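# sequence below, structure please.
(one chain, ligands or ions: 1)
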Amino acid sequence: MVFEAASVGTPEGDQAKSKKALKKEAKEAAKAAKKEEKKSQNASQLQEAENDYSAGKYGALPMIQSGDKISREFTHVKDLTKVLADQTVWIRGRLHTSRAKGKQCFAVIRQQQYSVQCLIAVSDTTSKAMVKFASNITKESIVDVEATVRIVNQSIESCSQKTVELHVIQLFTVSAAKSQLPLLIEDASRPVKDEDPEGLNIRVNQDTRLDNRVLDLRTPANQAIFRLEAGVCQLFRDILTEQGFVEIHTPKIISAASEGGANVFTVSYFKTSAYLAQSPQLYKQMAIAADFDKVFTVGAVFRAEDSNTHRHLTEFVGLDLEMAFKYHYHEVVDVIANSFTQIFKGLRDKFAAEIAAVSQQYPVEPFTFLDPPLRLDFATGVKMLREAGVEIGDEDDLSTPDEKLLGRLVKKTYDTDFYILDKYPLAVRPFYTMPDPKDNKKSNSYDMFMRGEEVLSGAQRIHDPEFLAERAKLHGVDLEKIKAYIDAFRFGCPPHAGGGIGMERVVMLYLGLDNIRKTSMFPRDPKRLTP
Ligand code: ATP
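A predicted model of the protein is given here:
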């Protein structure tokens, strides 16, 4: 107010006032012009819409609530090849990328790990409005596309389908994605070693990936990893079933009495508490005592270990097996070893495309194995390590670096990424492991390794209740706590051996990946419980 009073009546004040007025006038004029422009734009849009000869051939579909049954044949993107040249197809996929350029829009539609280039161009049948609609669809939206398959002269390197592209006739969004994505599939799919062309070197870190796992899982490598993982389980089941094994299901909620207290998760169980099973071992053994002869199980295993490593999870999938044998536990070792060989062959033969897709993003040496597999005695492994300069006692367990080094030495000498280490020192194995009758410092136990990391641990188990109790006492185990376990063998039990395989580890190491979180769809570790 004071300022206003001081300026009134002075030449300076007059000047200021007219300046202000001029500014206001100019502003109003601009506003009016804009309004007029918008009016004519709206009018031309209206006119465009009225003349939109593509109307009805594009747009957002109403939410599919299963109101109508439409019988329409869809072609899978992976099947779009020269064979379909000039044919009209429908595909449903995600808008991977789009780029509008003048009167046309190039889009890439992705279906799982496959992608195809699409062209939406203004023509006699495609209106400007339809091209505009196409270029405004948000990335990752799900679309239905009707298009003609056309052969291209130049290979399309950015797509899995390189020899054809689609000329779009109709285009509808089925489910729109938010415009802001927490990560771009393009970035999350970038090969680890590649320089990115824009020089930004965008990579998506592991936590961002895992926090947004639904998006992250859409990358071609992840699509391949989890298809191959399903293959590992299927092969495990088929190969063992073929050999007369019976698939069993063991409880995951177990009583306090049957397991020790260490490394187990406690859950409340009505008025008392229970534990999550650390292994199905006791139940596999009971199935053997119950005459099932050969059993396997695929299921969740829980470990309350605060192990923040590249190969430990707090929940993983165990591929466990147990088998009665006649006279020597090597009867079982041979079955397990041969099953691994068959799994490796199955993966190599049936999952070549998936292996290739993963190695595009994470380059690795192909997995090598011998048929039959290599079996080394623990003592031989120790000798090899000593020759390489490692100081290790006869009855020491192998440290993780020792295991890795031995893996490299074995690979160099025998050219295999898979081998069996047999006859571990008795001192480093659990109380229920059968001692070696010829050398009381050794045991009838074994680990199996892929690329120098343990994937299976197994042994002949003690099936004699008195001997089992004696060994437990020696280990300082409270006999009261394992009464149910020991009692399982009181009614006669065949000699038996078995082992537990970590599914995620097998997939990680077969593919040469660096972290087990890459092979667990929704990993659980000491720091992660969601999603
Ligand atoms: P490690 O010495 O590597 O911790 P472990 O001796 O505890 O393994 P076992 O209890 O014998 O392993 O389990 C059998 C198999 O289960 C292992 O060979 C491995 O493949 C897998 N496994 C064990 N612990 C984990 C874990 N925390 N996360 C993922 N897989 C595991």
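# what about the residue in the chain that the ligand sits nearest to, how many residues nearby?
Ranked by Cβ to the nearest ligand atom, the top residue of the chain for proximity to the ligand is Gly502, at 2.6 Å. In this view, the C-beta of every residue, glycine as well, is placed from N, C-alpha and C. Applying other Cβ atoms under 10 Å, we find 24 residues neighbouring Gly502.
# what pairs with it across the strands?
In this entry, Gly502 is beta-bridged to Gly318, by DSSP bridges.
# so which elements touch the host helix or strand of Lys411?
Assigned by DSSP states H and E, Lys411 belongs to helix 400-414. With contacts taken as 3 or more Cβ pairs under 8 Å, 6 or more residues apart in numbering; DSSP states H and E, helix 400-414 sits against strand 374-377, helix 378-387, strand 445-450, strand 453-461.
# output the ones you listed as CSV; include the columns mean pLDDT and distance to Asp144.
CSV is the format used below for the helices and strands packed on helix 400-414 (pLDDT from 0 to 100; distance: least, Cβ to Cβ, whole Å):
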stretch, mean pLDDT, distance to Asp144
strand 374-377, 98, 53
helix 378-387, 97, 58
strand 445-450, 98, 43
strand 453-461, 98, 43
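# sorry, back to before: how about the helix holding Lys411 and the ligand, any contact?
No. With Cβ under 6 Å from any ligand atom as the criterion, the ligand is not reached by helix 400-414; the gap is at least 7.7 Å.
# and that helix, how far out from the chain middle?
On the basis of Cα atoms, centre = their mean, to the nearest Å, helix 400-414 is displaced by 27 Å from the centre of the chain it belongs to.
# span of stretch 417-430 from start to end?
Taking Cα to Cα, to the nearest Å, stretch 417-430 runs 27 Å from one end to the other.
# buried residues of that stretch, list them for me.
With burial defined by 16 or more other Cβ atoms under 10 Å, the residues of stretch 417-430 counted as buried are 417-426, 429.
# which among the residues you listed gets closest to Ser160?
Nearest to Ser160 among these: Asp417, at 28.3 Å, using Cβ to Cβ.
# distance check, that closest one against Asp124.
59 Å (Cβ to Cβ, to the nearest Å).
# one more: Arg237?
Arg237 is 56 Å from Asp124, where distance means Cβ to Cβ.
# neighbour-wise, which of these two wins?
Remark: of Arg237 and Asp124, Arg237 carries more neighbours, 15 against 6, as counted by other Cβ under 10 Å.
# which residues of the stretch 251-400 of the chain lie near the ligand?
303, 305, 312-313, 316.
# below-threshold pLDDT in the stretch 151-300 of the chain: ranges please.
Scanning the stretch 151-300 of the chain for pLDDT under 70 picks out 194-201, 256-261.
# how about the helices of the stretch 401-531 of the chain, start to end?
465-474, 483-487, 503-510 (DSSP state H, counting those that start in this stretch).
# tell me which of these sits most buried.
helix 503-510 (a mean of 24; mean count of other Cβ atoms under 10 Å).
# thinking again about what came up before, show me which pair in the residues of the stretch 251-400 of the chain next to the ligand is furthest apart.
Largest pairwise distance in these, by Cβ to Cβ, is 11.1 Å, between Glu305 and Phe316.
# just give the closest residue to Lys162, not the sequence neighbours.
Nearest non-adjacent residue to Lys162, counting by Cβ to Cβ, 6 or more residues apart in numbering: Ser155, 4.5 Å away.
# ditto for Leu513
Nearest to Leu513 is Tyr362, by Cβ to Cβ, 6+ apart, at 6.0 Å.
# including distance to Ser189 and mean neighbour count, could the helices and strands packed on helix 400-414 go into a markdown table?
Formatted as a markdown table, these follow (distance: least, Cβ to Cβ, whole Å; neighbours: other Cβ atoms under 10 Å):
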| stretch | distance to Ser189 | mean neighbour count |
| --- | --- | --- |
| strand 374-377 | 36 | 18 |
| helix 378-387 | 39 | 17 |
| strand 445-450 | 26 | 25 |
| strand 453-461 | 26 | 22 |
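# of all those, which lies closest to Ala290?
strand 453-461 (14.8 Å).
# got the angle between the closest one and helix 400-414?
For strand 453-461 against helix 400-414, the angle by axes from the mean of the first three to the mean of the last three Cα atoms, to 10 degrees is 90 degrees.
# could you check whether strand 453-461 is close to the ligand?
Yes. Remark: strand 453-461 sits within contact range of the ligand at 454-457, by Cβ under 6 Å from any ligand atom.
# which of those sits closest to Ser160?
Of the residues of strand 453-461 next to the ligand, the one sitting nearest to Ser160 (Cβ to Cβ) turns out to be Val455, at 31.2 Å.
# wait, the closest one sits on Met448?
Yes. Applying Cβ atoms under 8 Å as the test, Val455 and Met448 come out as touching, 5.7 Å apart.
# give me the common contacts of the two.
Counting by Cβ atoms under 8 Å, 6 or more residues apart in numbering, the residues touching both Val455 and Met448 are Ile501.
# show me what counts as buried in stretch 145-156.
Residues 145-149, 156 are the ones in stretch 145-156 that count as buried (16+ other Cβ under 10 Å).
# typo on my end, stretch 384-398
So stretch 384-398, judged by 16+ other Cβ under 10 Å, has buried residues 384-385, 390, 398.
# again, but for stretch 311-328
Applying 16+ other Cβ under 10 Å to stretch 311-328 flags 311-325 as buried.
# the residue nearest to Leu513 touches Asn222, doesn't it?
No. With contacts counted by Cβ under 8 Å, Tyr362 stays clear of Asn222, the gap being 10.8 Å.
# between these two, who's got more neighbours?
Using other Cβ under 10 Å, the more surrounded residue of Tyr362 and Asn222 is Asn222, with 25 against 17.
# and Thr148, that one's in a helix?
No. Read with DSSP: H, G, I helix; E, B strand; the rest coil, Thr148 is strand and lies in no helix.
# contact partners for it?
Neighbours of Thr148 in contact, by Cβ under 8 Å, 6+ apart: 86-89, 166-167, 169.
# with Leu319 instead?
232-233, 236, 296, 298, 500-503, 506 are the contacts of Leu319 under Cβ under 8 Å, 6+ apart.
# count of neighbours near the nearest residue to it once chain neighbours are set aside?
Leaving aside its sequence neighbours, Leu319 sits nearest to Ile501 (Cβ to Cβ, 6+ apart; 4.2 Å). For Ile501, the number of neighbouring residues by other Cβ under 10 Å comes to 25.
# identify the residues contacting Ile501.
Per Cβ under 8 Å, 6+ apart, neighbours of Ile501: 236, 318-320, 448, 455-456.
# now distance to Lys473 too, for the residues you listed, in JSON lines please.
What follows is the contacts of Ile501, written out as JSON lines (distance: Cβ to Cβ, whole Å):
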{"residue": "Phe236", "distance to Lys473": "36"}
{"residue": "Gly318", "distance to Lys473": "28"}
{"residue": "Leu319", "distance to Lys473": "32"}
{"residue": "Asp320", "distance to Lys473": "27"}
{"residue": "Met448", "distance to Lys473": "30"}
{"residue": "Val455", "distance to Lys473": "32"}
{"residue": "Leu456", "distance to Lys473": "28"}
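# what's near enough to touch the closest residue to Leu276 other than its chain neighbours?
Residue nearest to Leu276 in three dimensions, not counting chain neighbours: Phe302, with 3.9 Å by Cβ to Cβ, 6+ apart. Shown in contact with Phe302 (Cβ under 8 Å, 6+ apart): 252, 264-265, 276-278, 314-315.
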